[in-house]
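Visitor: Prediction below, plus the sequence it came from.
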Amino acid sequence: MRWWTTVCAVLLACGGRAEASCNWTPTELLRLTGEVQQGDLSGPFSRTAAPASGRFAETINLGTLSMATGFDGRLAWSRDFSGASHYLNSDFARRLATSEAWLIAHLACTRRVGTDVLHFTPSGGASMELTYDRRTGRLDRAMLQYPENRLIHHYADWREVAPGRFLPFSQRDEDPEDESETVYKVNHVARVKSASFAPPPLPHDSRIIGGGSTTIPFEDDSRRRVFLSVYLNGKGPFAFELDNGGHFILTEETAAALGLAPEGSFTSTGAGNEVRHGGYARIARLRVGDAEMVNQPAKVMALSHNDRGKLLPRAGILGLEFFERFIVGIDHRTKTVTLRMIGDSPRNYPGHALPLLFDQDAALGAGSFDGVEGNVMLDIGNAGPTIIEDYWASAHGFRPMLASGTPRGDAKLSKGSVGIGRFILDGETVEYFGPVERGSEYTRSIAAVLGEPLLSRFNAVYDYGRGKVWLDPLPEVKPLSFEKRQ
């Protein structure tokens, strides 16, 4: 579930004739509290909004799991279950935030009796589809397009909370692509005098034992993945894949080996059209070299097949939560990963610094394909060729060429020039899946996904705290061949 639009239209009444409730003052603040349910998990939520500006902050607690989202007036942000936060600063995310701020600022200010559907795009914002109840003129649902899914807010139980001002006390958020929903029931609405809309600070749950840095060797499975030895709750080693395009995940076999029974349920999509189901477990202590994280929630789910022969099997993934806490340096010449704490003193790393962008949880950067610019995902966990996404390819005229490529499973392979930052890599194999109904290749926000086979042509330092990755090219490393299915 993509949570930071949960309240984007919760206070919107409708459009048509003007009402006095449209005139929110800059100092007015509202706090909504109630109950939320996602899957078989439930608990309280709190949502604070500044209607005049569209700022908001929301926290939900699902038993032992807690997360938050918000918009500080400049950028939206997201805090995951691990307690770490990051800003959503891509152009796509900025447009979504603009639309959500517009919705909040126009809460309950108008009604449109007799109108079914309104398609509207605020200046600088994202397109919205607003559906109204023809009888009452009140908003029935609002749909926004996210990078990899649609989010549909269904509203009901409108109540007057002040003269001429109505709020929906029931809200159901539907994610058709993930086949999930979240249900909110508002119990209380109050005015408050002050509120913070900034993301919370990083929790004190990680360290480098002895300070400084720690360097760990990795296995690269022929330049297709980065595997680190990880110890969980004092047991191990386990082979974990470093994947900044994913989250902290345990396989079902790893959870069983640790004696952990998953709780709750979630659905998610990734590569392909499959909707995956899983639960959550909590790891008391995770250690990689001298780097340590404590009290970490992990998803427990089946992962795609990954035959490592006589090597340790893939036990899970180290994803966003790991990169939010440590500066991660990957040296492909020495096959080592060096970790430092986020917030460590600035250093002059080799190579070129590329600003990182986020529209969800995976790191993006400026890139290109065959000279046409577009944001690209830097996905260490993708073991295949660079993926050119259909939505972007269609918009820029590449679909016919890519669709005529050499078949490889469900995809077509072609050759092209792939750009990342100032670097252009010619003769790279690219993969094209065509139109899909769900999953990462459904994306509406990026041009391509750059995987480890291409990224292994650079040494890299990822510093999410400073929002940069340093890329140092390795001229002796050539493109991988994907003529046969890997």
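Guide: Yep, it's here.
Visitor: distance of the residue of the chain positioned farthest from its centre from residue 26?
Guide: When distances are taken from the C-alpha mean of the chain, residue 163 lies farthest, 39.3 Å away, according to C-alpha atoms, centre = their mean. Per C-beta to C-beta, to the nearest Å, residue 163 is found 20 Å from residue 26. Yep, even glycine has a C-beta here, placed from its N, CA and C like the rest.
Visitor: Now do the helices in the chain.
Guide: Using DSSP state H, the helices of the chain run over residues 91-105, 252-257, 320-323, 390-395, 399-403, 452-455.
Visitor: Let me know which of the ones you listed is the nearest to residue 334.
Guide: Nearest to residue 334, of all those, is helix 452-455, at 16.0 Å by C-beta to C-beta.
Visitor: Sort out which residues of that closest one are buried, please.
Guide: Using 16 or more other C-beta atoms under 10 Å as the burial criterion, the residues of helix 452-455 that qualify are 452, 453, 454, 455.
Visitor: got the contact list for the second one?
Guide: It refers to residue 453. Contacts for residue 453 (C-beta atoms under 8 Å, 6 or more residues apart in numbering) come out as 223, 224, 383, 384, 385, 479, 480, 482.
Visitor: Kindly reformat these as a markdown table containing pLDDT, neighbour count and distance to residue 152.
Guide: Shown next, in a markdown table, are the contacts of residue 453 (pLDDT from 0 to 100; neighbours: other C-beta atoms under 10 Å; distance: C-beta to C-beta, whole Å):
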| residue | pLDDT | neighbour count | distance to residue 152 |
| --- | --- | --- | --- |
| 223 | 83 | 17 | 41 |
| 224 | 88 | 16 | 38 |
| 383 | 91 | 20 | 34 |
| 384 | 92 | 23 | 32 |
| 385 | 95 | 27 | 34 |
| 479 | 90 | 17 | 42 |
| 480 | 88 | 19 | 41 |
| 482 | 82 | 18 | 38 |
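Visitor: Any idea what the residue nearest to residue 44 when sequence neighbours are not counted is bridged to?
Guide: Counting by C-beta to C-beta, 6 or more residues apart in numbering, residue 44 lies nearest to residue 61, which is 5.6 Å off, once chain neighbours are set aside. Note on residue 61: beta-bridge partners residue 66, judged by DSSP bridges.
Visitor: Just give me the neighbour total for residue 61.
Guide: 16 (other C-beta atoms under 10 Å).
Visitor: hang on, it packs against residue 45?
Guide: Yes. Judged on C-beta atoms under 8 Å, residue 61 makes contact with residue 45 at a distance of 7.3 Å.
Visitor: Quick check: buried residues in stretch 329-349?
Guide: So stretch 329-349, judged by 16+ other C-beta under 10 Å, has buried residues 329, 330, 331, 332, 337, 338, 339, 340, 341, 342, 344, 349.
Visitor: Let me have those residues in a markdown table, extended by distance to residue 432 and pLDDT.
Guide: Shown next, in a markdown table, are these (distance: C-beta to C-beta, whole Å; pLDDT from 0 to 100):
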| residue | distance to residue 432 | pLDDT |
| --- | --- | --- |
| 329 | 32 | 98 |
| 330 | 27 | 98 |
| 331 | 32 | 97 |
| 332 | 26 | 97 |
| 337 | 31 | 98 |
| 338 | 35 | 98 |
| 339 | 35 | 98 |
| 340 | 38 | 97 |
| 341 | 40 | 97 |
| 342 | 36 | 96 |
| 344 | 40 | 91 |
| 349 | 34 | 95 |
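Visitor: Nearest to residue 362, out of these: which one, please.
Guide: Relative to residue 362, the closest of those is residue 330; by C-beta to C-beta it sits at 16.3 Å.
Visitor: Please name the nearest non-neighbouring residue to that closest one.
Guide: residue 460 (5.0 Å).
Visitor: circling back to that earlier point, looking at the helices of the chain, which is closest to residue 38?
Guide: For residue 38, the closest of the helices of the chain is helix 320-323, at 19.1 Å, according to C-beta to C-beta.
Visitor: per-residue confidence at the residue farthest from the centre of the chain?
Guide: Model confidence at residue 163, given as pLDDT, is 76.
Visitor: how much space between it and residue 144?
Guide: From residue 163 to residue 144 the distance is 30 Å (C-beta to C-beta).
Visitor: ditto for residue 31
Guide: In this view, residue 31 and residue 144 are 24 Å apart by C-beta to C-beta.
Visitor: who's more crowded, these two?
Guide: More crowded of residue 31 and residue 144, by other C-beta under 10 Å: residue 144, with 23 against 15.
Visitor: which residues touch the spatially closest residue to residue 457 that is not a sequence neighbour?
Guide: Once flanking residues are discounted, residue 457 sits nearest to residue 477: 4.6 Å by C-beta to C-beta, 6+ apart. With contact taken as C-beta under 8 Å, 6+ apart, residue 477 is in contact with 223, 332, 456, 457.
Visitor: Could you tell me which residues within stretch 195-206 count as buried?
Guide: Within stretch 195-206, the residues that count as buried by 16+ other C-beta under 10 Å are 197, 199, 202, 205, 206.
Visitor: Report the contact partners of the residue nearest to residue 330.
Guide: Residue 460 makes contact with 329, 330, 351, 469, 470, 471, 472, according to C-beta under 8 Å, 6+ apart.
Visitor: which residues touch the first one?
Guide: In other words, residue 329. So residue 329 contacts 337, 338, 339, 340, 349, 459, 460, 461, 462 (C-beta under 8 Å, 6+ apart).
Visitor: Please tell me how far it sits from residue 294.
Guide: Counting by C-beta to C-beta, the gap from residue 329 to residue 294 is 23 Å.
Visitor: same question, residue 243
Guide: In terms of C-beta to C-beta, residue 243 sits 21 Å off from residue 294.
Visitor: of the two, who's got more company?
Guide: Using other C-beta under 10 Å, the more surrounded residue of residue 243 and residue 294 is residue 243, with 25 against 14.
Visitor: Skipping its backbone neighbours, what lies nearest that one in space?
Guide: Per C-beta to C-beta, 6+ apart, closest to residue 243 is residue 381, 2.8 Å.
Visitor: so that neighbour sits right up against residue 246, yeah?
Guide: Yes. With contacts counted by C-beta under 8 Å, residue 381 reaches residue 246, the gap being 5.3 Å.
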